[in-house]
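Asks: sequence first, predicted coordinates after that:
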Amino acid sequence: MSPEHRCARDGCNNPVPTTPGRRGRPPIYCSANCRPSRLPRTVAVEVDRQDGDDVEAGREWTVQLRRGTQTVVVGHDLGRFSATALATDLRRVLGDDRS
Ligand SMILES: [Zn+2]
């Protein structure tokens with residue numbers, strides 16, 4: 001009886017299924033859920049205040065989407081109310097209206 005492989009993810013102790021005859025690197029995780037992805041699944045909506053000399057007073061808010069280290073600015077030079085409203089809409093679209 002060969003020693004059973006256990007999932008490489010911390011806290012997961014499931015056996016890793018072996019596929020006889022399969023070519024390439026043997027799997028080290030029990031399932032796709034345990035395989036670390038390069039990017040987190042969740043997208044965060046961030047509201048930030050810019051500062052700088054060329055920022056118009058009262059229009060210094062930006063809204064951006066962040067996923068891991070990747071970000072995209074979806075609104076800038078916004079007033080605070082517009083930025084908050086946009087962030088709320090985005091969170092609703094993303095199914096994340098916790099805040
Ligand atoms: Zn696992």
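Replies: The structure has been received and is ready for your questions.
Asks: output the set of residues of this protein in proximity to the ion.
Replies: Within reach of the ion by Cβ under 5 Å from the ion, the chain has these residues: Cys7, Arg9, Cys12, Asn14, Cys30, Cys34. (Glycine included, C-beta is placed from N, CA and C.)
Asks: ok, His5 to the ion distance?
Replies: For His5, the distance to the ion under the criterion Cβ to the ion, to the nearest Å works out to 11 Å.
Asks: same question for Glu4.
Replies: Distance of Glu4 to the ion, given as Cβ to the ion: 13 Å.
Asks: what residues are up against the closest residue in space to that residue that isn't next to it in sequence?
Replies: Nearest-residue entry for Glu4: Pro15, 5.0 Å, with adjacent residues in sequence omitted and distances by Cβ to Cβ, 6 or more residues apart in numbering. Counting by Cβ atoms under 8 Å, 6 or more residues apart in numbering, Pro15 touches Glu4, His5, Arg6, Cys7, Cys30.
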